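Participant: Test case, fold it:
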Amino acid sequence: MKNNFNMSTISQRLMTYILIASLVYASHTAFAQEAMRIAAVVNDDVISLYDIQSRVSLFLATSGLEDSQDLRRRLLPQVLQALIDERLKVQEARRLEIETSDEDVQGAVSMVEQQNGMQPGTFLTQLASQGVDPGTFYAQLEADVAWLKVVRESMSRDVNIADGEIQIVLDRLKANQGKPEHLVAEIFLPINVSSREQDVRDLTQQLVERAREGAPFSGLAQQFSQSPTAAVGGELGWVHQGELEDELDSVIANLEPGEISDPIRTITGYHIIALQERRATAQASPLMSIVTLSQIYLQTTGRNALSPPRLLQLSQAIKNQVSSCEQMNQWAEQIGGPGSGPVEALRIGALPEKVRDAVVALPVGRISSPIEVGGARLYVAVCSIEEDDGLPTENQVYGRLENDKLDTMARQRLRDLRRQAIIDVRL
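Facilitator: As a prediction, this is how the structure comes out:
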């Protein structure tokens, strides 16, 4: 058989292969160079196009929104602003010599997994399986943790709360006692010079649809919201009529618990409100009452279990002969099993369900009917009760005021950092 190949043919094919390989290499190189192209410089820190693309992919993966070039374009201003803020937060922590450990960030990862009902260690693996660089989520949490430390360590000492402020809150609660209050969460997307209002409006509407389809609201808030509450899943806590903007107040009043609002336009941007619960302000709750107890355990299983005749005998004796906490304590010492005797002050709501249901209906000094619990028959008596008046303690009010002031100071500090920074956007 004649060989048709000659050195000229081989050389031509070799040159063709080299040319193809060169084009492929050049294509990959161009792609890599494009991905690493500088999108913005925040003081001395660079944000690359890859950083933005990775964060957009993270947003899409965690929100369940349908991936499209149009949506990615709309997300870009929000993502870029979030990355700029994160750089500023980390830079401020670095300036103050505040360090963030891997344990700190891993704790934040675990919290996200708990909030989304996921097994430990599965979230980052799930991101990787969807083609998302887990490092971009890790970097986001690292910035959040660093900022939280900045707030606590450098701002909390500047919080001053006078006794008069605490009393004002208590007086307002008393004045509103019995009126409705609302447990709400929010997602906030601002309108700023770098964003088109229609794009922000469309993105907000898509988030509303995802939340109504069952996507965890807290997860959407953590990824998309530009409010300080994003770090806690958008939780605003309990609010009264008049505490928020009028536009939000009017919508909340017409929501039912469990409902998600349509996008709400305010002067600063678009809000989504989730109404989680509604109740009467400062309403007294029997479960919040504080009681001291006395109890007797009669063991029904295990090595020290009482025989049925003995259990019946003691049960009848307790019913007929014990009529006070003093007697309960005496009998507990003589015949009770482990756990018998006096119980120091605690809230009724903290008791196991069966015991709680019995205690909440008991007058002081009355002995309960037998309560069958795991491995024992329990008798309990209420020795004293401090009934709940529905109002928080002064320490609780102090904590709320401290958190509110820290949130305000944190927002102001971030605004100052933005104003003072040299930010060069190159997109």
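
Participant: For Leu183, give its distance to Glu235.
Facilitator: 8 Å (CB to CB, to the nearest Å). Bear in mind the C-beta positions are built from the backbone N, C-alpha and C, glycine included.

Participant: anything in contact with each of those two?
Facilitator: Common contacts of Leu183 and Glu235 (CB atoms under 8 Å, 6 or more residues apart in numbering): none found.

Participant: how deep is the closest residue to Gly341 other than its chain neighbours tucked in, by neighbour count?
Facilitator: Excluding its sequence neighbours, the residue lying closest to Gly341 (CB to CB, 6 or more residues apart in numbering) is Ala332, at 4.5 Å. A count of neighbours around Ala332, defined by other CB atoms under 10 Å, yields 21.

Participant: same deal with Val291?
Facilitator: The burial count for Val291: 23, using other CB under 10 Å.

Participant: same check, this time on Glu402
Facilitator: With other CB under 10 Å as criterion, Glu402 counts 14.

Participant: On the three-state scheme, it is what?
Facilitator: The local conformation at Glu402, judged by DSSP: H, G, I helix; E, B strand; the rest coil, is helix.

Participant: tell me which residues of the helix or strand containing Leu378 are tucked away?
Facilitator: With elements taken from DSSP states H and E, the one containing Leu378 is strand 376-386. Neighbour-count burial for strand 376-386 flags 376-383, 385 (criterion: 16 or more other CB atoms under 10 Å).

Participant: Just put those residues in JSON lines and tack on distance to Arg347 and pLDDT.
Facilitator: Output for the buried residues of strand 376-386, formatted as JSON lines (distance: CB to CB, whole Å; pLDDT from 0 to 100):
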{"residue": "Ala376", "distance to Arg347": "23", "pLDDT": "88"}
{"residue": "Arg377", "distance to Arg347": "24", "pLDDT": "92"}
{"residue": "Leu378", "distance to Arg347": "19", "pLDDT": "92"}
{"residue": "Tyr379", "distance to Arg347": "21", "pLDDT": "94"}
{"residue": "Val380", "distance to Arg347": "15", "pLDDT": "94"}
{"residue": "Ala381", "distance to Arg347": "17", "pLDDT": "94"}
{"residue": "Val382", "distance to Arg347": "13", "pLDDT": "94"}
{"residue": "Cys383", "distance to Arg347": "15", "pLDDT": "94"}
{"residue": "Ile385", "distance to Arg347": "11", "pLDDT": "93"}
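
Participant: Turn these into JSON lines, including distance to Ser54.
Facilitator: Converted to JSON lines, the buried residues of strand 376-386 look like this (distance: CB to CB, whole Å):
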{"residue": "Ala376", "distance to Ser54": "57"}
{"residue": "Arg377", "distance to Ser54": "60"}
{"residue": "Leu378", "distance to Ser54": "57"}
{"residue": "Tyr379", "distance to Ser54": "62"}
{"residue": "Val380", "distance to Ser54": "57"}
{"residue": "Ala381", "distance to Ser54": "62"}
{"residue": "Val382", "distance to Ser54": "59"}
{"residue": "Cys383", "distance to Ser54": "61"}
{"residue": "Ile385", "distance to Ser54": "57"}
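
Participant: Looking at these, which is nearest Tyr270?
Facilitator: Checking those against Tyr270 by CB to CB gives Ile385 as the nearest, at 48.4 Å.

Participant: quick one, what contacts the nearest residue to the closest one once chain neighbours are set aside?
Facilitator: Excluding its sequence neighbours, the residue lying closest to Ile385 (CB to CB, 6+ apart) is Val291, at 4.9 Å. Neighbour list for Val291: 345-348, 359, 382-386 [criterion: CB under 8 Å, 6+ apart].

Participant: Tell me which two in those residues are the farthest apart.
Facilitator: Arg347 and Cys383, at 15.0 Å, using CB to CB across the contacts of Val291.

Participant: The residue nearest to Ser369 when sequence neighbours are not counted: neighbour count?
Facilitator: In space, and not counting its chain neighbours, Ser369 is closest to Ala358: 7.2 Å by CB to CB, 6+ apart. By the criterion of other CB under 10 Å, Ala358 has 18 neighbours.

Participant: And Asp44, by the same measure?
Facilitator: Neighbours of Asp44 using other CB under 10 Å come to 8.

Participant: what's the spacing between it and Arg37?
Facilitator: 18 Å.

Participant: about what we covered before: tell me the first helix or strand C-terminal of the helix or strand that contains the residue nearest to Ser369.
Facilitator: Element membership for Ala358 (DSSP H and E) is helix 353-359. Using DSSP H and E, the helix or strand that follows helix 353-359 towards the C-terminus is strand 371-373.

Participant: Report the strands that pair with that next one, each with its relative direction.
Facilitator: Its sheet considered, strand 371-373 pairs with strand 376-386 (antiparallel) by DSSP bridges.

Participant: Rounded mean pLDDT for stretch 393-406, please.
Facilitator: When pLDDT is averaged over stretch 393-406, the result is 85.

Participant: Equivalent analysis for stretch 169-185, please.
Facilitator: Here the average pLDDT along stretch 169-185 is 86.

Participant: Check stretch 413-427 too.
Facilitator: 91.

Participant: Stretch 270-287 too?
Facilitator: The average pLDDT within stretch 270-287 is 87.

Participant: Using PDB, write down the CA coordinates of that stretch.
Facilitator: Output of stretch 270-287 as PDB, limited to C-alpha atoms (Å, rounded to 0.1, in the frame of the first residue of the first chain):
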ATOM      1  CA  TYR A 270     -37.800  49.500  47.900                       C
ATOM      2  CA  HIS A 271     -38.800  47.400  50.900                       C
ATOM      3  CA  ILE A 272     -40.300  43.900  51.300                       C
ATOM      4  CA  ILE A 273     -42.000  43.300  54.600                       C
ATOM      5  CA  ALA A 274     -42.700  39.900  56.100                       C
ATOM      6  CA  LEU A 275     -45.300  39.900  58.900                       C
ATOM      7  CA  GLN A 276     -44.400  37.000  61.200                       C
ATOM      8  CA  GLU A 277     -46.800  37.500  64.100                       C
ATOM      9  CA  ARG A 278     -49.200  40.000  65.600                       C
ATOM     10  CA  ARG A 279     -50.100  40.400  69.300                       C
ATOM     11  CA  ALA A 280     -51.300  43.000  71.800                       C
ATOM     12  CA  THR A 281     -48.600  45.200  73.100                       C
ATOM     13  CA  ALA A 282     -47.200  44.300  76.600                       C
ATOM     14  CA  GLN A 283     -49.900  41.700  77.000                       C
ATOM     15  CA  ALA A 284     -49.500  39.800  80.200                       C
ATOM     16  CA  SER A 285     -48.800  36.100  79.700                       C
ATOM     17  CA  PRO A 286     -49.200  33.400  82.300                       C
ATOM     18  CA  LEU A 287     -46.200  31.600  80.800                       C
END
